[in-house]
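Asker: Starting from these lines, generate the structure:
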Amino acid sequence: MERRKAQLNKDIELINSTLSKTASDKRVTLKQLNALRTQIRLREEKISTINSEIRLLDGQINENVNQVRSLQSQLTQLKSDYAAMIRFAQKNQGSYSKLMYIFAANDFNQAYKRLKYLQQFGEYRQKQAKYIEDTQANIKNKISTLNKNKREKDHLLGDQQKEKNTLGTAQSKQAKVVSSLTSQEKKLKQDLAKKKRDALQLERAIKQAIDREIALAKKKAEDEARAAAAKAKAEGKVAPTTKTSTGSVLNSTPEAAKLSADFVSNRGKLPWPVANGVVTEYMGVKKIGGVTVNVDGWTIRTNPGSSVRSVFDGTVSIITDIVGSTMVMIKHGEFFTVYKNLSSVSVSKGQKVSTKQTIGTADGQSEIEFHIYKSKIEQDPKYWLTPN
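Answerer: Predicted coordinates for the structure are as follows:
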């Protein structure tokens, strides 16, 4: 929970930098609204994390309180037993001495046993005294831990209240932004229409590139099938049958099939395309000012000039400019990953890349688009990338 809270603080700081940059802009933008929504989501998650920490501390406090009570009860019993032992020793001290008790034995064996009994009695008294000291020290430590837990809880409660206050401010600001966008409905619809056109243009470019990859793989598979058939005919054998589905075409070589299988086996464990980033737009349908928008892929906010990296081993399929920004697509067997909004690219078409290898840098807006496709079917990155 501490690690998660630290990560949330980093993400909130990243989003705050976005908001501070847009604060001077008098015209409200969708980017500003997305940043506010992300900030609110992160703060709500941080409050939830703090609540979990408080519940955990409450459990530890209750456990320590019960342990202190149990130890105090044990200490009372130990002191009572020790006092009774001392009274018994004092009461019987004048009746006979230890030597007389030993010499009064009937034989040597009984005398030895009496000697051992006196030694054990003395050792037991020492052990009881040690038990009392240890129990007192244990109680002291538990009380110290309990006080520490209570201080931590007080700190968390203060942090929680601070986050709630900040959250309230952010929610009020979001309401104003939404209201402002609604009042600028014509401009909002124009922005959303442009956003939709850009998304469609990107989708067409991606699918055309995938179609080319499928066509190349199909041609290669057909050429290999013809060669195999000719060889089989020459040897008087039956020609092997070949599959023609898109998936099998893209996986027509052992290398491609293994790459696809490895990609699938890493589902939910793929690294992020940037070392430090926060999602400002998730894949799915959302409403903005009463207008429904279908969002493809993820938009990830990162630091200016951050390196963008491949999430898995593969081969660079295309590098092109789409809607005024550079896009790189990497082929991983029958899977494809797309990285858009790069200001520079450090790889070339046809180059093999490895997991986490830098392929370029984020543009001046510090927001990249990231997409995953299985053949031509888009996948939701949240099921493939490692949870942040």
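
Asker: ok, the residue lying closest to Gly305 once chain neighbours are set aside - how many residues close by?
Answerer: Residue nearest to Gly305 in three dimensions, not counting chain neighbours: Thr361, with 5.6 Å by CB to CB, 6 or more residues apart in numbering. Every C-beta, even on glycine, is put in place using the N, C-alpha and C of the backbone. Residues near Thr361, counting by other CB atoms under 10 Å, number 19.

Asker: How about the one 5 residues further on?
Answerer: Counted with other CB under 10 Å, the burial measure for Ser366 works out to 21 neighbours.

Asker: My reading is that the residue nearest to Gly305 lies in a strand. Confirm?
Answerer: Yes: assessed by DSSP: H, G, I helix; E, B strand; the rest coil, Thr361 belongs to a strand.

Asker: thinking it is in contact with Thr302, fair?
Answerer: No: using CB atoms under 8 Å, Thr361 makes no contact with Thr302, being 9.7 Å away.

Asker: What values do phi and psi take at the closest residue in space to Thr337 that isn't next to it in sequence?
Answerer: With sequence-adjacent residues excluded and distances taken as CB to CB, 6+ apart, Thr337 is closest to Ile330, at 5.1 Å. Ile330 has phi and psi values of phi -120, psi 140 when expressed as degrees, to the nearest 10.

Asker: For Ile330, report the pLDDT, please.
Answerer: Ile330 carries a pLDDT score of 95 in this model.

Asker: So it sits against Phe336, correct?
Answerer: Yes: here Ile330 lies in contact with Phe336, judged by CB under 8 Å, at a distance of 6.9 Å.

Asker: Look at Glu133 and say how many residues are nearby.
Answerer: Neighbour count of Glu133, defined by other CB under 10 Å: 11.

Asker: thinking again about what came up before, quick check: bridge partners of the residue nearest to Thr337?
Answerer: Note on Ile330: beta-bridge partners Val316, Thr337, judged by DSSP bridges.

Asker: residue contacts, it?
Answerer: The contact partners of Ile330, taken as CB atoms under 8 Å, 6 or more residues apart in numbering, are Ser310, Phe312, Gly314, Thr315, Val316, Ser317, Phe336, Thr337, Val338, Tyr339, Val353, Ile359.

Asker: try 7 Å
Answerer: Ile330 makes contact with Ser310, Gly314, Thr315, Val316, Ser317, Phe336, Thr337, Val353 under the criterion CB atoms under 7 Å, 6 or more residues apart in numbering.

Asker: Could I get the full set of strands for the stretch 201-350 of the chain?
Answerer: 277-281, 284-288, 291-295, 298-302, 307-309, 314-322, 325-332, 335-345 (DSSP state E, counting those that start in this stretch).

Asker: For Ala261, give its distance to His155.
Answerer: The span separating Ala261 from His155 equals 49 Å under the rule CB to CB, to the nearest Å.

Asker: ugh, typo on my part, it should be Ser354
Answerer: Noted for Ser354: a distance of 44 Å to His155, by CB to CB.
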